[in-house]
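**Q** Structure for this input, please:
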Amino acid sequence: MTHLVKSILIVILFLISLSSFVSSKKITEESFNVHINIDEESYKKVEKSIPFLETIHSNKGPGNNVSAELRLNAKQLEILRESQVIFSSSIEKQVKRNELEYRLRGVKPKDDPTPNSYHTNQQMHTFLMNLVSEYPQLTKIETIGKSVNGVPLEVITIHDFNNKQRQDRIIPQFKYIANMHGDETVGRELMLSFALLLCQGFTNGEEELANLVKNVEISILPSMNPDGFASLRRVNANGYDLNRNFKDQYVENKTPLQPETLAVIKWSEANHFVLSANFHGGAVVANYPFDGDKSGRPYGNTPNYSPDQDTFLWLSLNYAKKNPVMSSSSEFPQGITNGAAWYPLYGGMQDWNYLWRDCFEITVELSDIKNPQGNTLAEYWKQNKESIINYLKKVQTGIRGRITDSAGNPLDATISVKGISKTVKAVNGKYFRMLSPGKYTIEYSEIKNPKTNATYESQTKEATTTEENAVYINIVVPDKDASAPLTHPSDSPSVALPSNASSSVKTTQPSSNPNSTDDTSSSGKAFLIIGLTLLFIGGVIYWAAKKKYINLPFGNENNRKSGYQLQTSAV
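**A** Take a look at the predicted model:
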């Protein structure tokens, strides 16, 4: 009983310390991103004068200048303003001329996702960091590589990562990529707006968007070619067209593999993307595989269809039909085209995704003008918003499932569809197969345990796919004395149980083994160590608050009077 009381007291102490820390963190995280360009000596003074300085990144430039992005809370910002750091007059003029050099931006993104201007590469980075700061439970950011000039290629992934059922379910991965050609800029801004829209929609309980965030891992690479964007050139900084830089089925690609291309290849290989789209500009159309032709011809208008022509046609139409400008095109019937029928190209990304990654990808041309004025972006957002959502929803269709042995171990397998020559592979015992609505015969062959190399007989199933929902088919290779279930109860999308639903809970009874003992001495020492550790943490938080390195929402008269005034003013 004594240990129980100690445990309760320790937990209470820990919760009090934790709540203090979280509360203070909540206020300090309502911060400012500050961009400065100063000489190296002055930058060192800034580092020394501001406690707990968080440097997002810094680079040395010409003349020993340091260009840095800092994340400051209100107290740190006050210290910076009161410091003796002197900016040179030329830099002061540059600050007035270029907001990038010194600007204050609240962490919370603007409420309206409609784009009305372009983000520079630095502003795009700040926007993504702000989004992750504002929606940490929904977002993850990953740098998949760097451009020729060293600009990080940042991917933001949006998903309900706190969903407790996530690990037990089959979650499809989806990706959008934009700005592959540097001077084709609309898609870049639409993707930033879409990322914000998804986060807002989930948080506000908008059913359509919340369902997507809950049931799909959505990855967005807003700019594959940031160097090209900075110079408004189609090619990357080495002068190569990235959409001619991938492996091709018809022509040997002799162009050197570029760092941006390699980054996307490695990122794709590290994941299991099921559906994708790549945004371009210069026309208004949804383009589907194949892009090239087996003759290797450099021009012409002869279509070259993939084995999944019906599915690609269906996917392209689902994008185009929601875009009034695209769907009413006089140049492209229904707003879609086969790539080779439009003009052939080789080394393109969409064919590579389909052939080598089992990922169905289309190329979406968003605007006749490749780089329209920023004040026209809102119109392109209006045209494409519903298309972007509708296309993403299609990743929740087709067939999917698990392939395991009777012990639940994941198996390798090849999944083929009767009448379609393209096959897909199961990855870690999970598979996805995009299919347009219809009736299909599915064969599961080459079933093998990758650890034991044990092989199993092929199986065949029938499936009827629909416009809206995936068909789940789980293959469990049976033992001789057992039959395998066909469905897995946790595979369907997240749904709330009715209030009267019952559940069974397996409980563990205390051991009745007479040889088992309760080591009270060891547990007493453990309680003491935990208690002292928590006391130390509390002391550090109190010291930091006294020194005003952090601001607690309680504990002094000013805070009690103003409440969350600091938090509000930073937004």
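
**Q** hey, let's count contacts and neighbours off CA atoms from now on
**A** OK.

**Q** Tell me which stretches of the stretch 201-350 of the chain form helices.
**A** Under the criterion DSSP state H, counting those that start in this stretch, the stretch 201-350 of the chain contains helices at 207-215, 226-231, 259-269, 309-320, 324-327, 339-342, 349-357.

**Q** Throw those into TSV and include mean pLDDT and distance to Tyr43, thanks.
**A** What follows is the helices of the stretch 201-350 of the chain, written out as TSV (pLDDT from 0 to 100; distance: least, CA to CA, whole Å):
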stretch	mean pLDDT	distance to Tyr43
helix 207-215	96	41
helix 226-231	96	26
helix 259-269	98	32
helix 309-320	98	50
helix 324-327	98	51
helix 339-342	96	52
helix 349-357	98	43
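
**Q** List the buried residues of the strand ranked longest in the chain.
**A** Taking DSSP state E as the criterion, the chain has its longest strand at strand 438-448. Of all the residues in strand 438-448, those buried under the rule 16 or more other CA atoms under 10 Å are 440, 442-448.

**Q** again, but for stretch 365-376
**A** Residues of stretch 365-376 classed as buried by neighbour count (16+ other CA under 10 Å): 365-367, 370-372.

**Q** swap in stretch 321-337?
**A** 321-323, 325-327, 332, 334-337.

**Q** Likewise for stretch 461-468?
**A** 465-466.

**Q** Then stretch 303-321?
**A** In stretch 303-321, counting by 16+ other CA under 10 Å, buried: 303-306, 308-309, 311-313, 315-321.

**Q** how much space between His159 and Asp112?
**A** Separation of His159 from Asp112 (CA to CA, to the nearest Å) stands at 20 Å.

**Q** Also Asp310?
**A** Look at Asp310 and Asp112: by CA to CA, they are 37 Å apart.

**Q** returning to that earlier point: partner strands of the longest strand of the chain, parallel or antiparallel?
**A** strand 412-417 (antiparallel), strand 455-456 (antiparallel), strand 459-465 (antiparallel) (DSSP bridges).

**Q** how about those, which one is nearest Tyr118?
**A** Of all the strands paired with strand 438-448, strand 459-465 sits nearest to Tyr118, with 40.7 Å by CA to CA.

**Q** Which SSE is immediately downstream of the closest one?
**A** strand 471-472 (DSSP states H and E).

**Q** which regions of the stretch 401-550 of the chain sit below the pLDDT cut-off?
**A** Along the stretch 401-550 of the chain, segments meeting pLDDT under 70 span 479-528, 531, 540-550.

**Q** Tell me who's in contact with the residue nearest to Leu198 when sequence neighbours are not counted.
**A** Counting by CA to CA, 6 or more residues apart in numbering, Leu209 is the residue found nearest to Leu198 once chain neighbours are left out, at 6.0 Å. Leu209 makes contacts with 198, 201-202, as judged by CA atoms under 8 Å, 6 or more residues apart in numbering.

**Q** Select from the residues you listed the one having the most neighbours.
**A** Ranked by neighbour count under the definition other CA atoms under 10 Å, the contacts of Leu209 are headed by Leu198 with 23 neighbours.

**Q** Provide the backbone phi and psi angles at it.
**A** Backbone torsions for Leu198, taken as degrees, to the nearest 10, come to phi -60, psi -50.

**Q** what separates the residue nearest to Leu198 from Gly201, distance-wise?
**A** For Leu209, the distance to Gly201 equals 5 Å [CA to CA].

**Q** Ok, Ala378 next?
**A** 19 Å.

**Q** swap in Tyr240?
**A** According to CA to CA, Tyr240 and Gly201 sit 38 Å apart.

**Q** Next: Ile50.
**A** 37 Å.

**Q** now do Tyr343
**A** Per CA to CA, Tyr343 is found 38 Å from Gly201.

**Q** swap in Val264?
**A** Distance from Val264 to Gly201, by CA to CA: 28 Å.

**Q** can you list the weak-confidence ranges in the stretch 51-200 of the chain?
**A** For the stretch 51-200 of the chain, the ranges with pLDDT under 70 are 52-69, 71-72, 74, 78, 81-111, 164-168.

**Q** Could you rerun that using 80?
**A** 51-111, 164-168 (pLDDT under 80).

**Q** where do the helices sit along it?
**A** Counting by DSSP H, counting those that start in this stretch, the helices of the stretch 51-200 of the chain are 74-82, 89-97, 121-134, 186-203.

**Q** Deepest in the core, which of the ones you listed is it.
**A** helix 186-203 (a mean of 22; mean count of other CA atoms under 10 Å).

**Q** okay, the angle between it and helix 121-134?
**A** 10 degrees (axes from the mean of the first three to the mean of the last three CA atoms, to 10 degrees).

**Q** For helix 186-203, output the C-alpha coordinates as PDB.
**A** What follows is helix 186-203, C-alpha atoms only, in PDB (Å, rounded to 0.1, in the frame of the first residue of the first chain):
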ATOM      1  CA  VAL A 186       1.400  27.000 -60.600                       C
ATOM      2  CA  GLY A 187       1.500  23.400 -59.200                       C
ATOM      3  CA  ARG A 188       4.100  24.500 -56.600                       C
ATOM      4  CA  GLU A 189       1.600  27.000 -55.100                       C
ATOM      5  CA  LEU A 190      -1.400  24.700 -55.400                       C
ATOM      6  CA  MET A 191       0.400  22.100 -53.400                       C
ATOM      7  CA  LEU A 192       1.300  24.400 -50.600                       C
ATOM      8  CA  SER A 193      -2.400  25.500 -50.400                       C
ATOM      9  CA  PHE A 194      -3.600  21.900 -50.600                       C
ATOM     10  CA  ALA A 195      -1.300  20.900 -47.700                       C
ATOM     11  CA  LEU A 196      -2.800  23.600 -45.600                       C
ATOM     12  CA  LEU A 197      -6.300  22.800 -46.700                       C
ATOM     13  CA  LEU A 198      -5.900  19.100 -45.600                       C
ATOM     14  CA  CYS A 199      -4.700  20.100 -42.200                       C
ATOM     15  CA  GLN A 200      -7.500  22.600 -41.700                       C
ATOM     16  CA  GLY A 201     -10.100  20.200 -43.000                       C
ATOM     17  CA  PHE A 202      -9.100  17.500 -40.600                       C
ATOM     18  CA  THR A 203      -8.900  19.800 -37.700                       C
END
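
**Q** And the contacts of it?
**A** With CA under 8 Å, 6+ apart, helix 186-203 has contacts from 109, 113-115, 118-119, 124, 128, 131, 135, 138, 156, 158, 176, 178-179, 207, 209-211, 213, 220-223, 279-281, 366-367, 370-372, 377, 380-381, 385.

**Q** returning to that earlier point: which one of the buried residues of stretch 365-376 sits closest to Val477?
**A** Proximity of those to Val477, judged by CA to CA, is greatest for Glu365, which lies at 44.9 Å.

**Q** wait, that closest one sits on Tyr288?
**A** No. With contact defined as CA atoms under 8 Å, Glu365 does not count as touching Tyr288 (11.1 Å).

**Q** circling back to that earlier point, out of the strands paired with strand 438-448, flag the one nearest Phe246.
**A** Using CA to CA, the strands paired with strand 438-448 put strand 412-417 closest to Phe246, at 24.6 Å.

**Q** which residues touch the closest one?
**A** With CA under 8 Å, 6+ apart, strand 412-417 has contacts from 403, 422-429, 440-450.

**Q** what's the neighbour count on the residue lying closest to Thr302 once chain neighbours are set aside?
**A** Excluding the flanking residues, the one nearest Thr302 by CA to CA, 6+ apart is Ala341, at 4.7 Å. Close neighbours of Ala341, defined as other CA under 10 Å, add up to 21.

**Q** Can you give me every residue that contacts Ala341?
**A** Applying CA under 8 Å, 6+ apart, the residues near Ala341 are 300-304.
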